[in-house]
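1. Predicted model, plus sequence, below.
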Amino acid sequence: MPKGKKTVGAILPPGLEQLLTDYADHCRQNGLRERSIELCLKIDHWFLENLAAVGCDNAGQIGAKNVAAACLALSSNYYLSTVKTFMKALAAMGRTDRDYSGVVPTFKRPQKMPTVYSENEIQQFENQVREHCCKRNYAIVLLATRLGIRSGDIARMQLNDIDFDAGTVSITQQKTAAEIELPLVPELKSALLDYLDSDRPDCGSPYVFARERPPYDIQPLKISYIGNMVRRNLDCAGVVKNRRQRGPHSFRSSLASSMVNDGISYDAVRKALGHTDPNAIKSYARLDVEKLRVYALEVPKATGGFAKFLSGKAVL
């Protein structure tokens, strides 16, 4: 089996099991994170189980017909993109006689509409935290609302990540391992200084945000604490949910949408949020109804039999 968490499933023929091992090594050489590798191996294991079920025991027996059959037997179309990448990699490594990724059906995942809060709602929320919570929580909230930093990166932010003289916050994102440098906007800078100077306990922790009460822990805050704090204060601030997500991640999408709709380029927004995929933020442009309104087409006037049908004078 490949390094890391073992895949749960049926035992594969040795020839197919070796493909998973080779693919895991290929992914590591290309810089893929272990968590992502584990997920890919899990899905690819299911695919290989289906290949084995149609009589394929090794790489030499892989062909278009059994690849198609194995894809059809998958329990979800969401797995197809992972399988397509797997087949491309096997061809690139010379494990198959040709690239069979073209046999794998293309499935485009439905794109969810991102959650967005208005500037007034975010201001209402920030005021609630500033007036009713500790200085630590207010600084945490501003890192999420003003810079769009993920809650996991906020929890693990260290003191040496903040340069007050240069006015920057520099972190290595946990999700992408990409480094990002962001500006310390005035309100955030004041909130951080206020917390560090007068409210943060001297506990020896390298992390910016520490527990409020002893026993002090040198470990980072739990991400769940940040999420619960945000949800609780959104409710207390009277911000109506309207089926929107309530976690801190919603402030990233709110910030991205606001920047895109202010005319800031996609690439600038992508870099500001630390996205590595150039297409990651384009969905936020769909949320500015007023800008989209100018592209709306006039509804053509009904004529002939259809006009009579609409007026009730005819039956189609």
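-> Now that the structure is in, tell me what you want to look at.

2. helices or strands up against the helix or strand residue 228 falls within?
-> Element membership of residue 228 [criterion: DSSP states H and E] is helix 223-236. Under the contact criterion of 3 or more Cβ pairs under 8 Å, 6 or more residues apart in numbering; DSSP states H and E, helix 223-236 touches helix 119-132, helix 135-147, helix 151-155. C-beta: built from backbone N, CA, C; applies to glycine.

3. Could you export it as CSV, keeping only the C-alpha atoms?
-> Below are the C-alpha coordinates for helix 223-236, written out as CSV (Å, rounded to 0.1, in the frame of the first residue of the first chain):
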residue,chain,number,x,y,z
ILE,A,223,-10.8,26.4,14.4
SER,A,224,-14.1,25.3,15.8
TYR,A,225,-13.9,28.0,18.4
ILE,A,226,-13.5,30.7,15.7
GLY,A,227,-16.4,29.3,13.7
ASN,A,228,-18.7,29.1,16.7
MET,A,229,-17.8,32.7,17.8
VAL,A,230,-18.6,34.0,14.3
ARG,A,231,-21.9,32.2,14.1
ARG,A,232,-23.0,33.3,17.6
ASN,A,233,-22.2,37.0,17.0
LEU,A,234,-23.8,37.1,13.5
ASP,A,235,-27.0,36.0,15.3
CYS,A,236,-26.5,38.5,18.1
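
4. So what touches it?
-> The contact list for helix 223-236 (Cβ atoms under 8 Å, 6 or more residues apart in numbering) reads 125, 128-129, 132-133, 137, 140-141, 144, 151-152, 154-155, 241, 246-248.

5. care to break the protein down by domain?
-> Structural domains assigned to the chain are 14-103, 119-290, following automatic domain parsing.

6. I'd like the distance from the first one to the chain centre, please.
-> When you say that, I think you mean domain 14-103. 24 Å (Cα atoms, centre = their mean, to the nearest Å).

7. Compute the first-to-last residue distance for that domain.
-> Using Cα to Cα, to the nearest Å, the end-to-end distance of domain 14-103 comes to 24 Å.

8. average pLDDT across it?
-> Across domain 14-103, pLDDT averages out at 94.

9. and the nearest residue to residue 239 once chain neighbours are set aside, how many neighbours does it have?
-> Nearest residue to residue 239, sequence neighbours excluded (Cβ to Cβ, 6 or more residues apart in numbering): residue 121, at 4.9 Å. Other residues near residue 121 come to 17 when the count uses other Cβ atoms under 10 Å.

10. so what pLDDT did residue 121 get?
-> 95.

11. Name the residues of the helix holding residue 228 that come out as buried.
-> For helix 223-236, burial by neighbour count (16 or more other Cβ atoms under 10 Å) applies to 223, 226, 229-230, 233-234.

12. Could you do stretch 122-140 as well?
-> So, applying 16+ other Cβ under 10 Å, buried residues of stretch 122-140: 122, 125-126, 128-129, 133, 135-140.

13. for residue 239, phi and psi?
-> phi -80, psi 120 (degrees, to the nearest 10).

14. Quick check, it in contact with residue 123.
-> No - applying Cβ atoms under 8 Å as the test, residue 239 and residue 123 come out as separate, 10.3 Å apart.

15. quick one: the helices in the stretch 201-316 of the chain?
-> Assigned by DSSP state H, counting those that start in this stretch, the helices in the stretch 201-316 of the chain fall at 223-236, 250-261, 266-273, 289-293, 304-310.

16. quick revisit: how near is the residue nearest to residue 239 to residue 228?
-> Residue 121 sits 19 Å away from residue 228, going by Cβ to Cβ, to the nearest Å.

17. One more: residue 263?
-> 36 Å.

18. Could you pick out the longest helix of the chain?
-> Determined from DSSP state H, the single longest helix within the chain is helix 34-53.

19. tally of neighbours for the residue nearest to residue 207 when sequence neighbours are not counted?
-> Nearest residue to residue 207, sequence neighbours excluded (Cβ to Cβ, 6+ apart): residue 220, at 4.8 Å. Burial of residue 220 is recorded as 18 neighbouring residues (other Cβ under 10 Å).
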